[in-house]
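Asker: here is a sequence together with a model predicted from it:
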Amino acid sequence: MTEFLPEGRRLASKENISALQSAKTLLQAAVSGAVLEAPCTVCDADHNMHIDLGCMKGIIPRSEGAVGIESGATRDIALISRVGKPVCFKITKIDETGSEPVAILSRRAAQEEADREYISKLVPGDIIGARVTHLEQFGCFVDIGCGIASMIPIDAISVSRIVHPADRFSVVSYIYAVVKGREDGHICLTHKELLGTWQQNAERFSVGETVPGIVRSIEDYGIFIELAPNLAGLAELKSGIKVGDCACVYIKAIIPEKMKIKLIIVNCCDGGCVPLESPYFITEGHIDRWVYSTPGAPKYIVSEFMGL
């Protein structure tokens with residue numbers, strides 16, 4: 001596991017707690033170059049971040065708040081939005097000129113090291129952990145290490161179509177993703193390849209079962225109901241049903257060669273669905289090629305990960 005974790009993943013670790021115990025342990029962490037975490041309590045008028053180290057106060061000067069702050073490539077909202085949340089940092093020095101010692105910290109230095117030692121070495125197909133930071137209509141933004149951002153486009157989240165990333169993720173959730181490539185120096189991610197093929201998902205269900213699902217789309221020829229993030233079945237049209245409704249469905253048939261599941265809607269309830277759990281089939285390592293489709297299926301869905 002990489003030491004350059006998404007912010008929040010290091011906070012409760014034994015190593016982090018030990019390093020924040022005293023001025024002495026902070027100095028030891030400074031000498032070793034350790035990356036630590038502590039909560040940001042205030043972002044002042046000059047956008048310096050105030051950090052609660054427990055044993056003393058810490059300050060991350062604005063210029064050290066993030067890579068790109070000084071050049072304007074990163075906006076100050078990236079600092080302001082960390083208030084009340086854990087931030088990573090390296091200890092630059094302990095200033096003892098005032099009435100109380102203050103630790104001078106650098107989040108930028110932690111991010112630069114994370115990029116140099118970890119993120120720059122990632123290649124397409126690598127599977128990594130990430131923490132969801134915010135959701136937009138077009139995709140899910142994540143922290144892939146030390147507050148460095150990446151994004152998963154909505155159509156790469158799952159095979160089953162969704163209206164909004166909130167249908168699949170919640171902010172601060174820890175997820176896994178696959179490196180797809182780089183664009184303008186930033187890592188691009190995909191997610192659906194970790195949620196299993198059609199066959200792997202279909203094997204979790206049997207004809208004759210009645211199971212829960214979520215209405216994902218309504219077409220002229222039927223209603224698509226998600227049984228799992230990478231698996232949907234088709235039911236006949238029925239009045240009074242809309243996208244987002246929870247459905248109780250009877251599995252009438254499973255046809256692997258056509259990648260089809262025939263469903264009968266037993267009943268529906270209006271909205272309020274909890275997103276179906278993402279059953280990760282892979283959470284580590286590397287993949288070169290992923291084939292979703294069954295052999296001979298009329299629709300061929302494949303992802304290939306080529307070197308940068």
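Answerer: On my side now, so go ahead.
Asker: so, low pLDDT: which residues of the stretch 151-300 of the chain?
Answerer: Segments of the stretch 151-300 of the chain classed as low confidence (criterion: pLDDT under 70) are 270-278.
Asker: and the helices in it, which stretches?
Answerer: With DSSP state H, counting those that start in this stretch applied, the stretch 151-300 of the chain shows helices at 198-202, listed in chain order.
Asker: now the strands for the stretch 101-250 of the chain?
Answerer: Taking DSSP state E, counting those that start in this stretch, the strands of the stretch 101-250 of the chain run over residues 102-106, 127-136, 139-145, 148-153, 174-183, 186-190, 210-219, 222-228, 231-235, 246-255.
Asker: mean neighbour count and distance to Ile265 for those - can I get that in a markdown table?
Answerer: All C-beta spots, glycine's among them, are computed from the backbone N, C-alpha and C. Listed next are the strands of the stretch 101-250 of the chain as a markdown table, based on neighbours: other C-beta atoms under 10 Å; distance: least, C-beta to C-beta, whole Å:
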| stretch | mean neighbour count | distance to Ile265 |
| --- | --- | --- |
| strand 102-106 | 22 | 56 |
| strand 127-136 | 19 | 29 |
| strand 139-145 | 24 | 30 |
| strand 148-153 | 20 | 31 |
| strand 174-183 | 19 | 30 |
| strand 186-190 | 20 | 32 |
| strand 210-219 | 18 | 9 |
| strand 222-228 | 23 | 7 |
| strand 231-235 | 23 | 5 |
| strand 246-255 | 17 | 6 |
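Asker: would you turn the ones you listed into JSON lines with distance to Glu7?
Answerer: Shown next, in JSON lines, are the strands of the stretch 101-250 of the chain (distance: least, C-beta to C-beta, whole Å):
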{"stretch": "strand 102-106", "distance to Glu7": "14"}
{"stretch": "strand 127-136", "distance to Glu7": "7"}
{"stretch": "strand 139-145", "distance to Glu7": "6"}
{"stretch": "strand 148-153", "distance to Glu7": "10"}
{"stretch": "strand 174-183", "distance to Glu7": "11"}
{"stretch": "strand 186-190", "distance to Glu7": "16"}
{"stretch": "strand 210-219", "distance to Glu7": "31"}
{"stretch": "strand 222-228", "distance to Glu7": "30"}
{"stretch": "strand 231-235", "distance to Glu7": "33"}
{"stretch": "strand 246-255", "distance to Glu7": "34"}
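Asker: between those, which one is closest to Leu5.
Answerer: Across the strands of the stretch 101-250 of the chain, Leu5 has its closest neighbour in strand 139-145 (6.3 Å, C-beta to C-beta).
Asker: now do the closest one and strand 148-153, the angle between them.
Answerer: 150 degrees (axes from the mean of the first three to the mean of the last three C-alpha atoms, to 10 degrees).
Asker: show me which positions of stretch 95-113 end up buried.
Answerer: Neighbour counts over stretch 95-113 (16 or more other C-beta atoms under 10 Å) mark Val102, Ala103, Ile104, Leu105, Ser106, Arg107, Arg108, Ala109, Ala110, Gln111, Glu113 as buried.
Asker: what's the neighbour count on Pro124?
Answerer: The burial count assigned to Pro124 is 21, neighbours taken as other C-beta atoms under 10 Å.
Asker: ok, back up a step: and the strands of the stretch 101-250 of the chain: which comes nearest Asp95?
Answerer: Distance to Asp95, taken as C-beta to C-beta, is lowest for strand 102-106 among those, at 4.8 Å.
Asker: from Ser239, how far off is Tyr221?
Answerer: Counting by C-beta to C-beta, to the nearest Å, the separation of Tyr221 from Ser239 is 15 Å.
Asker: so for the two, which sits in the more crowded spot?
Answerer: Neighbours were counted for Tyr221 and for Ser239 using other C-beta under 10 Å; Tyr221 has more, 9 against 4.
Asker: how close does the more buried one get to His286?
Answerer: 40 Å.
Asker: likewise Tyr174?
Answerer: Taken as C-beta to C-beta, the span from Tyr174 to His286 is 20 Å.
Asker: from Ile241, how far off is Cys269?
Answerer: 10 Å.
Asker: which of these two has more neighbours?
Answerer: Legend: neighbour count by other C-beta under 10 Å for Cys269 and Ile241, higher for Ile241 (17 against 10).
Asker: now the nearest residue to that one once chain neighbours are set aside: how far from Met49?
Answerer: In space, Ile241 comes closest to Cys268 once its chain neighbours are excluded; the distance is 5.3 Å by C-beta to C-beta, 6 or more residues apart in numbering. Using C-beta to C-beta, Cys268 is found at 48 Å from Met49.
Asker: next one: Ser99
Answerer: Separation of Ser99 from Met49 (C-beta to C-beta) stands at 21 Å.
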